[in-house]
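Visitor: dropping the sequence and predicted coords here.
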Amino acid sequence: MIQTTGGFNSAELLEQESACVLKDFNTAIAQEIGAIATKIGLERNLGIEISIRMGEWEIFKAALPGSKQESDGWINRKANVVNLTKHSTMYERVRSEEVGIDWHSQHGVEDATHAIHGGGFPICVEDKGFAGILLISGLPQVDDHKLAVEILQVFLNR
């Protein structure tokens, strides 16, 4: 069987979410995170799309050279998963594989609207919880996920 989820386990993915909790989140912080993501993407010549959202409000978006219009659909489908569960799309995929459930049936949604593919990552704030989403699309799902975590770690360690 081909490993498509990076060898992650759900406990490790929850630890990543805990390690990426911010002190605050607002439009200025979203722009700063977006700038970090854009800089990394351009430096590495990654054909990615980046989106940062607060609920349904997209407060940052960048389509880097080499990105494709189809990433819009992936971004929206990943955002729907994170808005529904408040967890990363990679966590949702790995957890559903670990427990052997059909994620879409379990949540009463369709794959056409909800993608459990890496690259959707919750932005949580200390003492407030879920506040937004960082979305990356355009790379293999494990790389989309790892890049989202890296971007938030760079922001937290700046």
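Guide: That came in fine, so what should we check first?
Visitor: quick one: the strands in this protein?
Guide: 49-54, 57-63, 120-125, 129-137 (DSSP state E).
Visitor: can you pull the contacts of residue 32?
Guide: residue 155 (CB atoms under 8 Å, 6 or more residues apart in numbering). No exception for glycine: its C-beta is placed from N, CA and C like everyone else's.
Visitor: just the pLDDT for the most centrally placed residue in the chain.
Guide: With distances taken as CA atoms, centre = their mean, residue 120 lies nearest the centre of the chain, 1.9 Å away. We have a pLDDT of 98 for residue 120.
Visitor: tell me who's in contact with residue 89.
Guide: Neighbouring residues of residue 89 by CB under 8 Å, 6+ apart: 78, 81-82, 115-121, 141, 145.
Visitor: quick one: which of these has the most company?
Guide: residue 120 (35 neighbours; other CB atoms under 10 Å).
Visitor: still on that earlier bit, with respect to residue 100, which of the contacts of residue 89 is nearest?
Guide: For these, the minimum distance to residue 100 (CB to CB) is 14.2 Å, reached by residue 116.
Visitor: brilliant, that's me finished.
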